[in-house]
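[1] Need a 3D model of the following:
(one chain, ligands or ions: 1)
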Amino acid sequence: MNTRRLIPLLAAGALAISAVPASAATTLDGLVGPGFNISVTQGGKKVTSLKAGSYTFKVVDKTNAHNFVLNGPGVKDKEITGLSAVTTKSMTVTLKKGTYIFYCTPHKSSMQGSIKVT
Ligand SMILES: [Cu+2]
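    Numbering: from 1, shown residues only. This is a model prediction of the structure:
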C-alpha cells in the first residue's frame with residue numbers, strides 16, 4: 001500500500017469535515033454609507049483582529065454609490081454588496097491567518113479598513 005498517497009487525502013478529508021458546521025460561523029456586521037463610511041463591527045465594537053475561522057459578514061449597504069468588497073488570503077476581491085444596490089447581504093467566508101481588507105471600489109483610498117487574522 002502506498003501510504004505517501006493516502007496521507008494527503010486523509011488530511012484533506014479532515015479539513016473538509018471541520019469546515020462543515022455552518023452554525024459555527026460568527027456573524028460580523030458590515031456597514032457602508034450613508035456617507036463615505038465603511039466599517040465592520042461585532043456587538044457594536046470595531047473589529048480590527050479576529051481568530052482564524054468561519055465568519056458571516058452581514059453587510060448593510062445604505063447607498064447605491066458604494067459597494068463592500070473583502071480581500072485577503074483565500075478571498076479574492078469578493079464583492080458582498082454591489083455598487084448600484086441599497087441592500088443587506090450576507091456571505092460566509094473562512095478567514096485564514098493574514099491581513100484582510102474591506103473596501104469600497106470607487107473610493108478605495110479613503111473607504112477601507114483592515115482586519116488582522118491570527
Ligand atoms: Cu464608495
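[2] for the protein, what spans make up the strands?
    For the chain, the strands defined by DSSP state E cover 26-32, 38-42, 45-46, 49-50, 53-61, 68-72, 75-81, 87-95, 98-103, 112-117.
[3] Tell me which of the ones you listed is the most buried.
    Among these, strand 68-72 has the highest mean neighbour count (mean count of other Cβ atoms under 10 Å), at a mean of 22. For the C-beta atoms, the positions are set from N, CA and C on the backbone; glycine is no exception.
[4] so where is this protein shaky, pLDDT-wise?
    Counting by pLDDT under 70, the chain contains low-confidence residues at 1-23.
[5] which parts of the protein sit against the ion?
    Residues of the chain that fall close to the ion, judged by Cβ under 5 Å from the ion: H66, C104, H107, M111.
[6] thought G82 was touching N67?
    Yes. Counting by Cβ atoms under 8 Å, G82 does reach N67; the two are 5.4 Å apart.
[7] more neighbours, those two?
    A count of neighbours by other Cβ atoms under 10 Å puts N67 above the other of G82 and N67, at 23 against 15.
[8] if I look at the more buried one, how far off is L50?
    22 Å (Cβ to Cβ, to the nearest Å).
[9] just to revisit the earlier point, would you write a ChimeraX line that selects the buried entries of the residues of the chain next to the ion?
    To isolate the buried subset of the residues of the chain next to the ion in ChimeraX, counting by 16 or more other Cβ atoms under 10 Å, use the following:
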select :66,104,111
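[10] would JSON lines of the residues of the chain next to the ion with distance to K89 be doable?
    Formatted as JSON lines, these follow (distance: Cβ to Cβ, whole Å):
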{"residue": "H66", "distance to K89": "13"}
{"residue": "C104", "distance to K89": "14"}
{"residue": "H107", "distance to K89": "19"}
{"residue": "M111", "distance to K89": "17"}
